[in-house]
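Visitor: take this sequence and fold it.
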Amino acid sequence: MDPKDLLLLVRVGCLREGALTAWTARQDVELALAESATAAYLRLADRQIPLAPDRPADETYEACRAALAAATGGKGVIGFLDSTLPLVARLAEEFDLPGCSPQTLQALTDKTWARERFAESSVPGPRFRVLDAATPRDDRAAAVDGLDYPLIVKPADSSAGRGVVRAASAAELDAAWETAARFTKTGSLLAEEELIGDEISVETVTVGGRTAVLACTEKLSTRDESFVELGQAVPARLGGALASEVHEVAAAALKAVGFDHGIAHTEMILTASGPRIIEVNPRPAGDCILDLVRLTSGVDVYDLAADLALGRPVDLDALAETGRSGFTGGAAIRFLTGEPGVVRSVEGVAAAAARLDPARERLVLLTRPGDVVEAVTSNLHRFGYVIAVGEDTREAVDRAEEIAAMVTVHTSPAAEGEPPARRLPSAECWT
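Guide: As a prediction, the model looks like this:
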C-alpha cells in the first residue's frame with residue numbers, strides 16, 4: 001500500500017477546530033502537527049511534534065524539517081499564524097513544495113510594506129504614514145502632518161487586533177502611539193486615516209497568480225478606542241455591482257503584494273467612495289469564518305488548503321462560481337464578552353444549548369470559573385462564541401445574537417488574599 005501523503009501543520013492557532021476535524025477525517029492524508037507540548041490540540045494529530053512551551057524558532061524549524069525529510073510519500077506544509085508563515089514558506093522552498101515565496105510572506109508580516117505596495121499599484125486604501133515607535137513626543141505631530149483625524153495607529157508587525165488604537169484628535173495621539181508601541185517588536189508603527197463604513201473580509205484561493213473569491217464575510221467590530229471583532233457572517237449582504245467591485249479590489253491587492261499561491265483573507269471597508277483595503281492576510285481566515293463558509297456553500301476551505309499544500313489540482317472556475325452564487329443559506333458567529341476580573345460563574349449555557357441544532361450549530365466557552373479575564377481590547381480577550389445558521393444571513397445573525405445573549409459570564413475583582421487566578425485558557429492558542 002502506498003503511504004499516505006504527509007500534511008504538516010505548523011501551529012494551530014485559536015478557533016481552528018475545523019481544520020483538525022477535516023484533516024483527521026481524510027483517509028488520504030496523515031496529519032503531523034508541530035505545536036507546544038502543553039497544547040490540548042496536539043493529541044488530535046496522527047503524528048505529534050511537541051515543541052518547548054516557548055517555541056524557539058530554530059527548534060521549530062529543525063523539528064518540522066526532520067518530519068518532512070522522513071516522509072516517503074507526498075508531502076505538504078501549511079501554517080495559520082502570521083508568525084509562522086515565513087517558516088512555513090522556507091520549509092516549502094527547501095523541499096520544493098507548493099507555496100508562496102518566503103520573501104513575500106516575510107514581507108507581509110510588515111503592514112507598512114504591504115501598504116506601500118498597495119499605494120504603488122493604485123489599490124484603494126487610506127492615506128497613511130510610516131512611524132518610528134521611538135519618535136520623541138515633541139516630534140509626533142509632525143510625523144502625521146497631512147493626515148486628517150481620526151487616525152488609526154497600529155503596530156506594523158502585530159495581529160489579532162493587538163495594539164490597534166483610534167486617535168480621535170491630536171490630543172489623543174500620544175496615548176494611541178504609546179499603546180501601539182507596546183506591541184511592536186520591530187519598532188515600526190503605521191498611522192492611517194480612519195475609513196468609515198461597513199467592514200468585510202474576502203476569502204480567496206489563488207493558484208499561479210489567478211484568484212477566485214470563495215466568500216465575502218460581514219464583520220462586526222468595536223470602533224472606539226480599540227478594535228475587537230465581535231462577530232462574522234457569511235455571505236456578506238452585498239449588491240451585484242458592489243460584490244464585483246469587492247472581488248476586483250481583493251484580487252488587485254493580492255497581485256500588488258505578489259501573493260500567487262494559497263488561501264488568503266483580505267480585509268476592507270466599504271466606504272461611500274467604494275471598497276478600501278485594510279490589509280491582506282496570506283493565510284486562511286480565523287474566527288471560524290471557514291466554518292461559516294462550509295455551512296453556507298458546502299466548500300471546505302480547510303480541505304482546499306490541504307490540497308493546495310500537497311500540490312493537488314483545484315477547480316478555480318467552479319470555486320469562483322460557488323463564491324458568486326452558490327450559497328444556500330446564512331451562518332454567523334457572535335462572541336461572548338464581559339467585564340474584566342475573576343470569573344465567578346457562567347449562567348445560561350443549558351438554555352442556550354437547547355436552542356442550537358447540534359449538527360450545524362455550537363456554543364463554545366473559552367473561560368471558566370476561576371479564570372482571570374481582561375478588558376476586551378483585542379480578539380484574545382473574548383470569552384467564547386455561538387455559531388448559528390439561518391435561511392439567510394439576517395436570520396443567522398439574529399439567531400446567533402439571541403442565543404449569545406442568553407449566556408452571562410459573571411466576574412468580580414480578586415478578593416484580598418485570593419490565590420492567583422489562572423490565565424484565560426485560549427491564551428495558549430495565541431502566543
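
Visitor: now the strands for the stretch 201-350 of the chain?
Guide: Along the stretch 201-350 of the chain, counting by DSSP state E, counting those that start in this stretch, strands occupy 210-221, 229-234, 261-271, 274-281, 330-336, 341-347.

Visitor: elements contacting the longest one?
Guide: Okay, so that is strand 210-221. strand 198-207, strand 229-234, helix 240-256, helix 289-297, helix 316-325 (3 or more Cβ pairs under 8 Å, 6 or more residues apart in numbering; DSSP states H and E). To be clear about C-beta, it is placed using only N, CA and C from the backbone, and glycine gets the same treatment.

Visitor: same deal with the shortest one?
Guide: Secondary-structure packing of strand 229-234 (3+ Cβ pairs under 8 Å, 6+ apart): strand 210-221, helix 289-297, strand 330-336, helix 393-404.

Visitor: excluding its backbone neighbours, what's nearest residue 156?
Guide: Distances taken as Cβ to Cβ, 6 or more residues apart in numbering place residue 188 nearest to residue 156, at 4.0 Å, with adjacent residues excluded.

Visitor: give me the below-cutoff pLDDT ranges for the chain.
Guide: In the predicted model, the chain carries pLDDT under 70 at residues 1-2, 159-161, 224-226, 419-431.

Visitor: I'd say residue 60 and residue 87 touch.
Guide: Yes - Residue 60 is within contact range of residue 87, at 6.5 Å (criterion: Cβ atoms under 8 Å).

Visitor: so what sits against both of those two?
Guide: Here residue 60 and residue 87 have residue 10 as joint contacts, going by Cβ atoms under 8 Å, 6 or more residues apart in numbering.

Visitor: what about those two, which has more around it?
Guide: residue 87 (24 against 21; other Cβ atoms under 10 Å).

Visitor: that's a helix at the more buried one, yeah?
Guide: Yes - Residue 87 forms part of a helix when assessed by DSSP: H, G, I helix; E, B strand; the rest coil.

Visitor: residue 188 against residue 154, yeah?
Guide: No - using Cβ under 8 Å, residue 188 makes no contact with residue 154, being 10.2 Å away.

Visitor: who's more crowded, these two?
Guide: residue 154 (27 against 18).

Visitor: tell me the bridge partners for the more buried one.
Guide: Applying DSSP bridges to residue 154 yields these beta-bridge partners: residue 190.

Visitor: which residues does it contact?
Guide: 111, 163, 164, 165, 180, 189, 190, 192.

Visitor: same thing with residue 203?
Guide: Applying Cβ under 8 Å, 6+ apart, the residues near residue 203 are 213-217, 263-265, 284-285, 289-290, 293, 301.

Visitor: one step back: which single one of the contacts of residue 154 is nearest to residue 230?
Guide: residue 164 (14.3 Å; Cβ to Cβ).

Visitor: the closest one contacts residue 152, doesn't it?
Guide: Yes - Residue 164 lies in contact with residue 152 (Cβ under 8 Å); the separation is 6.6 Å.

Visitor: joint contacts of those two?
Guide: With Cβ under 8 Å, 6+ apart, residue 164 and residue 152 have common neighbours residue 227.

Visitor: give me the more crowded residue out of those two.
Guide: residue 164 (24 against 21).

Visitor: show me the contacts for the more buried one.
Guide: Contacts of residue 164 (Cβ under 8 Å, 6+ apart): 152, 153, 154, 155, 158, 180, 226, 227, 378.

Visitor: give me the element the residue nearest to the second one when sequence neighbours are not counted is part of.
Guide: It stands for residue 153. Using Cβ to Cβ, 6+ apart and skipping the chain neighbours, the partner closest in space to residue 153 is residue 176 (4.2 Å). Assigned by DSSP states H and E, residue 176 falls within helix 173-181.

Visitor: for that helix, packing partners?
Guide: Going by 3+ Cβ pairs under 8 Å, 6+ apart, helix 173-181 lies up against helix 137-143, strand 151-155, strand 165-167, strand 188-193.

Visitor: save the ones you listed as CSV, and put in distance to residue 406 too.
Guide: Converted to CSV, the helices and strands packed on helix 173-181 look like this (distance: least, Cβ to Cβ, whole Å):
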stretch, distance to residue 406
helix 137-143, 45
strand 151-155, 34
strand 165-167, 31
strand 188-193, 37
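
Visitor: and of those, who's closest to residue 386?
Guide: strand 165-167 (27.3 Å).

Visitor: which secondary structure elements does the closest one contact?
Guide: Judged by 3+ Cβ pairs under 8 Å, 6+ apart, the packing partners of strand 165-167 are strand 151-155, helix 173-181.

Visitor: most neighbours, which of the contacts of residue 154?
Guide: Among the contacts of residue 154, residue 189 has the most neighbours (other Cβ under 10 Å), with 28 neighbours.

Visitor: circling back: neighbour-wise, which one of the contacts of residue 203 leads?
Guide: residue 290 (30 neighbours).

Visitor: wouldn't it be in contact with residue 17 here?
Guide: No - Residue 290 is not in contact with residue 17 according to Cβ under 8 Å; the separation is 10.7 Å.

Visitor: can you put the contacts of residue 203 in TSV and add distance to residue 184?
Guide: Shown next, in TSV, are the contacts of residue 203 (distance: Cβ to Cβ, whole Å):
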residue	distance to residue 184
213	32
214	32
215	32
216	30
217	27
263	26
264	23
265	22
284	25
285	24
289	26
290	29
293	32
301	30
